[in-house]
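Engineer: Next one to model:
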Amino acid sequence: MKRDLKRMPAEKVRLQNLMIKKMKTKVLERKMLKVFICILFINVATAQKTDNSVIKHPNALNFIVMGDWGRFGEDHQIPVAKQMGITATTINRDFIISTGDNFYPVGVASEYDPQWKSSYEDIYTDFSLHWNWYPVLGNHDYAGNPDAQVAYSKISRRWNMPARYYSKTFNINGDANQQVLIAFIDTNALIPEFYKNDVYGKNVVSQDSTAQKKWLAKTLSTAPKSVKWKLVVGHHPLFTATLKRRESYDTKAVRKSLKSLLDKYEVDAYIAGHDHDLQHLKPEGKTNYFVSGSASESTAIDTLPFSKLASSEYGFMVFSVLADVLYVQAVNEKGEVIYSTEIKK
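Structural biologist: Numbers count the residues shown, from 1 in each chain. All right, here's what the predicted structure looks like:
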């Protein structure tokens, strides 16, 4: 009994120490938990801020817009093409649009020109890019044989250019009551100076610019009620922030020829290339203006008061169209979304 009494104080101290140790452990665990939660929150917040990958819109009409590219794989054509393949897979693209200057420096001579292989077939090899391509003609294409690019449509499964200008209606998510009308035009014929040009003149004179504008007006004015969006694709921009071309003869000529027509028929977006950059411009009026022309070469750019995007990065654009909203993402060659916007009906 005496021995037990002597042991009790020591046992009590041991138990107290054990309880204190457990309490410290719990406090430490709580602190560690708080630190972990804070780190997790910071990481999530950082990821939300820095996640600039392409957003997929699964129920939309998704397509890539690129331009000014055919350079035998030189400059940045190959890395941009590779990223196009990755992005096309991500968005489950429906088709690809080219804004012209498809072959540098002087277009192609025929539908059998070797450059079809060296600048196109051997470059855009990803399976996701073996869907329909809808191109327009640029000024460099007019330096060669522009009709050869029309003729290649009969050779290639994916190259679709039925004429120098044409239109096509696309269903949104397979719904024939929700459609997008895209008019693919030839802006070269709208530039008076080209008719006297030693390089372009011989091919431009065969075009009837008046007939094309009448066709465009009819195409836009007779669109069925199922058409929710009207887009026009041409090589030359009506507006551009580049110092060299913002008021150049070709920009002013195309603007003079098309601006009133686009306004009259309430075109939602005009999409161009020619300038080797990525732009979104919104002057007064309904129409949004986009430039996507840096699929292989990039040049310096400035800004205008109505510039939304003015980037000299290599890349392309992704358009995703729903019945009531149009999403546009500008993607650089690394796959980063450098700009995004949405246009609502």
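Engineer: which residue is nearest the centroid of this structure?
Structural biologist: The centre of the chain sits closest to M317, judged by C-alpha atoms, centre = their mean, with a distance of 0.7 Å.
Engineer: Got the confidence number for that one?
Structural biologist: Reported pLDDT at M317 in the predicted model: 98.
Engineer: can you list contacts of the helix or strand hosting it?
Structural biologist: Remark: M317 resides in strand 315-321, with elements defined by DSSP states H and E. With contact meaning C-beta atoms under 8 Å, 6 or more residues apart in numbering, strand 315-321 is reached by 54, 57, 60-66, 80, 83-84, 87, 91, 172, 180, 229, 278, 290, 292, 294-295, 326-333, 338. All C-beta atoms are positioned from the backbone trio N, CA, C, and that covers glycine.
Engineer: before we move on, the earlier item: state the distance from the residue nearest to the centre of the chain to I172.
Structural biologist: According to C-beta to C-beta, to the nearest Å, M317 and I172 sit 18 Å apart.
Engineer: Over to T303?
Structural biologist: From T303 to I172 the distance is 33 Å (C-beta to C-beta).
Engineer: do D198 as well
Structural biologist: When distance is defined by C-beta to C-beta, D198 is 45 Å away from I172.
Engineer: what do you get for L262?
Structural biologist: According to C-beta to C-beta, L262 and I172 sit 22 Å apart.
Engineer: now swap in E193 and tell me
Structural biologist: The gap separating E193 from I172 is 39 Å, by C-beta to C-beta.
Engineer: the more surrounded of the two?
Structural biologist: Neighbours per residue, other C-beta atoms under 10 Å: of E193 and I172, the larger number sits with I172, 20 against 12.
Engineer: Just the pLDDT for that one.
Structural biologist: The model's pLDDT for I172 equals 98.
Engineer: what's the answer for M19, then?
Structural biologist: What the model reports for M19 is a pLDDT of 63.
Engineer: got a list of what W69 touches?
Structural biologist: Contact criterion C-beta under 8 Å, 6+ apart gives Q77, V80, A81, S98, D101, N102, S119, A295, S296 as the residues in contact with W69.
Engineer: Count the neighbours of the first one for me.
Structural biologist: The burial metric for Q77, expressed as a neighbour count using other C-beta under 10 Å, is 23.
Engineer: ok, it - contacts?
Structural biologist: Neighbour list for Q77: W69, G70, R71, S119, I123, A295, S296 [criterion: C-beta under 8 Å, 6+ apart].
Engineer: Reformat those as CSV; add secondary structure.
Structural biologist: As requested, these are arranged in CSV below (DSSP: H, G, I helix; E, B strand; the rest coil):
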residue, secondary structure
W69, coil
G70, coil
R71, coil
S119, helix
I123, coil
A295, coil
S296, coil
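Engineer: Those: which two are farthest apart?
Structural biologist: For these, the farthest-apart pair by C-beta to C-beta is S119 and A295; their separation is 11.3 Å.
Engineer: More neighbours: which of these two?
Structural biologist: For S119 and A295, the more surrounded residue by other C-beta under 10 Å is A295, and the numbers stand at 32 against 23.
Engineer: Having no further points to raise, I will conclude here.
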